[in-house]
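1. Predicted model follows, preceded by the sequence.
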Amino acid sequence: MSQPGVIDGLQFARTGSEMRGTIGPAQLPRLAEMSCGVDEIAYAIKGGLNAEGKLCLRVQVSGTLQLVCQRCLGPIAHPVAVDVELELSDSLREIAQADDDVDRVLASPAMDAAQLVEDELILGLPLSPRHEGCESAVQGSGESSRPSPFGVLERLKKH
C-alpha cells in the first residue's frame with residue numbers, strides 16, 4: 001500500500017492481508033449526495049480465497065445511517081451490518097459474462113477501501129425507508145382528525 005486506504009486488490013488477497021478502521025462522512029460523498037447522514041462507519045476488509053479457490057475480498061461494514069422517512073419526511077436511524085465476499089475479477093468482460101450469483105469486483109492495483117465500503121452501503125439501502133409508526137398513521141381509518149383544507153374553503157365560499 002502506497003497510501004492509507006488504497007490496496008492492490010490481487011496482492012492484498014494473495015497475502016491474506018487485513019485492513020480495519022472507521023470511515024467518516026467526508027470519505028462517503030455519494031451517500032451525502034443521497035441525503036444519507038453518517039457519523040462513523042466501522043469496516044474490515046480481509047483478503048483470501050473463496051470456496052472455489054479464487055481470490056476474493058471479504059468486506060464487513062457496521063454502523064448507522066441517518067435516512068429520511070418517505071412517509072413523514074422525518075429522520076430515521078437505519079442500522080447497517082454488511083458481510084459480503086467479493087470475488088476479484090481481471091476484467092469487466094469477465095464480470096458481465098458471469099452467469100451465477102457470485103458478487104464480483106474489478107481488481108486493480110489501486111482499490112480505494114472507502115469506495116468499496118460506500119458501494120456496499122449504497123447496495124444495502126432500503127428502497128423506501130419508513131418509520132414503523134408512520135405506516136399505521138397514514139393507513140388509518142381514512143378520516144383525518146384535521147379538517148380538510150378544501151372543506152374549509154368550501155365553507156368560506158358559502159359565506
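-> Cool, got the structure.

2. Report the secondary structure state of the spatially most central residue of the chain.
-> In the chain, the residue lying closest to the centroid (Cα atoms, centre = their mean) is Leu121, at 1.9 Å. Following DSSP: H, G, I helix; E, B strand; the rest coil, Leu121 is assigned to helix.

3. separation between Met111 and Phe150?
-> Plainly put, Met111 is 57 Å away from Phe150 if you go by Cβ to Cβ, to the nearest Å. For every residue, glycine as well, the C-beta is placed using N, CA and C.

4. more crowded one of these two?
-> Met111 (20 against 8; other Cβ atoms under 10 Å).

5. which element follows the helix or strand of the chain with the lowest mean pLDDT toward the C-terminus?
-> Among the helical and strand segments of the chain, the one scoring lowest on mean pLDDT, DSSP states H and E is helix 132-138, with a mean of 59. On the C-terminal side of helix 132-138, the closest following helix or strand by DSSP states H and E is helix 149-158.

6. how far is that next one from where the chain is centred?
-> The offset between the C-alpha centroid of helix 149-158 and the centroid of the whole chain comes to 46 Å, using Cα atoms, centre = their mean, to the nearest Å.

7. Repeat that for stretch 63-81.
-> For stretch 63-81, the distance between its averaged C-alpha position and the chain's averaged C-alpha position is 12 Å (Cα atoms, centre = their mean).

8. so how far is the first residue of it from its last?
-> End-to-end distance of stretch 63-81: 7 Å, with Cα to Cα, to the nearest Å as the criterion.

9. Return the set of buried residues in it.
-> Neighbour counts using 16 or more other Cβ atoms under 10 Å place Gly63, Leu65, Leu67, Val68, Arg71, Ile76, His78, Val80 of stretch 63-81 among the buried residues.
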